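>>> what shape does this take:
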Amino acid sequence: MNKQSKTKIEYGDFQTPLILTNKIFNKLVELQVFADSIIEPTCGIGNFLKSSSYFFKDSKEIIGIEINKTYVAQLNNNFEQRLNKIRVINDNFFNINLSKIISNKNSNILILGNFPWVTNSQLGRIKSLNLPQKNNFQNHNGLEGITGKSNFDISEWMLIKSVDFLQKYQGYLAMLCKTSVARKIINYIYKQKYNLSYCSTYGIDAKRYFDASVEACLLFCQFKPEMQNYSCDIFENLDTSKYKTVTYFDNRLIRDSKNFDKIKYLYTNKPKTKWRSGVKHDCSKIMELEKIGDYFINGLGEKVELESNYIYPLIKGSNVANGNNKKRKKYILITQKYIGEDTKNIKELAPKTWDYLQSHSSYLDKRASRIYKANPQFSIFGIGEYSFYPWKIAICGLYKKLDFKLFHLIENKPVIFDDTVYFISFQEEDEAIKILDILNSPAIISFYSSLIFWDEKRPIKASILNCLDWDKIKNISELELLHPSYSKR
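Numbers count the residues shown, from 1 in each chain. Alright, predicted model coming up:
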């Protein structure tokens, strides 16, 4: 990566075109926004500032903050001759105290703009120092924080800081961001029980304006003291008047409350049967294999001879989603039957497998996640008694379709899924087939669809799948299965 590309990613230097900033201000005028003080925390070349000065002529001060000294010099020179109420400050949003830069502490404040869409992991890979001070601001704990949910969009951190600041005032937030990030901010406001009088999002064509293949929107929030309206109106774009409203139920944001209301009797927050995720090993080159004749080939292209004791057929998420299992050639090395099991017994039961693991220990020992450090050597996760049942219903979390599939033994061994897959296990075929039919019925598909936000990277999650009350679905009538709106309850 050249220096210019690295800098562009590191500082989020993707400028919002004037045509879009003007469209956004037209919407703000339509929403009857009035602001004494306008702040753009990462103003870049200043298009939001230019639109601010044109559309909000009655504002008392317009403040831009920008880390790039060249942009700051150019903006201050341009604005000096036009309007003395515009100030551009050369500083880093991660360090600045917004309260100190506002002249009127009792003013109506509008924070707007376009924070960087890069994640902290992406910045880490290019060794960027342009990061907020590390802390667990999302309050993830245990395995979640360690295994990947601690990765976050930088804009999420910046938006949270902006929302925190606006709670002290009466004001507005109008920020371009990924749609998934907007939803996280709405959830944050709800969980904090912050003041919020109105919230809406407006879809943005990110490909057109930023050449980015991502779902994006304008997030708009109005904050007023002692108002806690946590619903959100969802508009497809800035031009339409049609919208859907998402609301909360049992502390969960519901995508389609109209459909959910018809079948919410199927909902539970205390599931008796739980969906599990597939195996997590973080070392596919060593743990995943292909079989050719009597030998296995690992991800390094090495021919390996192993005992069958610890080898199981592997089904990847793409195979689950596409139903393409006939050409399956993948196998996986399963070193444990349950989390924390001592792996030293492999040496006695399968010496060739033990030698293979030892000779490739440098790959396994350097796995970055902390979950491996305090556990036996060659440990894996996402494993338990349920992993070895003969019948399994599975679905891939990465695909934008609800289509549950049934899997049985292969080569007389239970199939193992990768960690993009969620599954439930059964000892008996009859029960598995019955549940599969129920899960793929219109009623259950409608139930899950009302909870899933399809724009997310992994739209189908265990936390959503586990919302279904199994006691009720086992007794659900055929009429209810076929017609989601029908309910005798």
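
>>> show the contacting residues for residue 189.
163, 196, 199, 221, 230 (CB atoms under 8 Å, 6 or more residues apart in numbering). All C-beta spots, glycine's among them, are computed from the backbone N, C-alpha and C.

>>> most surrounded residue in those residues?
Among the contacts of residue 189, the one with the most neighbours (other CB atoms under 10 Å) is residue 221, at 27 neighbours.

>>> what helices and strands are in contact with the one helix or strand that residue maps to?
Element membership for residue 221, per DSSP states H and E: strand 216-223. When contacts are defined as 3 or more CB pairs under 8 Å, 6 or more residues apart in numbering; DSSP states H and E, strand 216-223 sits against helix 18-30, helix 154-166, strand 170-178, helix 179-192, strand 198-204.

>>> where do the helices of the stretch 201-350 of the chain begin and end?
206-210, 257-263, 284-287, 317-322, 346-349 (DSSP state H, counting those that start in this stretch).

>>> state the mean pLDDT of the last one.
Put plainly, it is helix 346-349. Averaged over helix 346-349, pLDDT sits at 96.

>>> quick one: name whatever helix or strand follows it.
Heading C-terminal from helix 346-349, the first helix or strand you meet, by DSSP H and E, is helix 351-359.

>>> dump the C-alpha coordinates for that following helix into CSV.
Provided in CSV are the C-alpha atoms of helix 351-359 (Å, rounded to 0.1, in the frame of the first residue of the first chain):
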residue,chain,number,x,y,z
PRO,A,351,0.5,-40.8,17.6
LYS,A,352,0.7,-39.7,13.9
THR,A,353,-1.9,-36.9,14.7
TRP,A,354,0.1,-35.9,17.7
ASP,A,355,3.3,-35.7,15.7
TYR,A,356,1.6,-33.6,13.1
LEU,A,357,0.3,-31.2,15.7
GLN,A,358,3.7,-30.9,17.3
SER,A,359,5.5,-30.3,14.0
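
>>> what does it contact?
Against helix 351-359 from outside (CB under 8 Å, 6+ apart): 286, 304-307, 309-310, 333, 335, 343, 346-347, 364, 377-378.

>>> give me the below-cutoff pLDDT ranges for the stretch 251-400 of the chain.
For the stretch 251-400 of the chain, applying pLDDT under 70 flags the ranges 324-328.

>>> and the residue nearest to residue 313 when sequence neighbours are not counted, what are its bridge partners?
Sequence neighbours aside, residue 410 is the residue nearest to residue 313 in space, at 4.1 Å (criterion: CB to CB, 6 or more residues apart in numbering). Per DSSP bridges, the residues bridged to residue 410 are residue 413.

>>> didn't residue 410 look like it was pressed against residue 314?
No. Counting by CB atoms under 8 Å, residue 314 is not a contact partner of residue 410; they are 9.6 Å apart.

>>> which residues does residue 202 contact?
Per CB under 8 Å, 6+ apart, neighbours of residue 202: 27, 217, 218, 220, 235, 236, 237, 238.

>>> count the residues that sit near residue 187.
A total of 15 residues lie near residue 187 under the criterion other CB under 10 Å.

>>> how about it, nearest residue that isn't a chain neighbour?
Nearest non-adjacent residue to residue 187, counting by CB to CB, 6+ apart: residue 253, 6.2 Å away.

>>> distance-wise, check the one you found relative to residue 426.
Residue 253 is 31 Å from residue 426, where distance means CB to CB, to the nearest Å.

>>> coming back round to it: in strands only, show me the contacts of helix 351-359.
Residues of the contacts of helix 351-359 located in strands (DSSP state E): 304, 333.

>>> filter the contacts of helix 351-359 to the buried ones?
Among the contacts of helix 351-359, the ones that count as buried by 16 or more other CB atoms under 10 Å are 286, 304, 306, 310, 333, 335, 343, 346, 364, 378.
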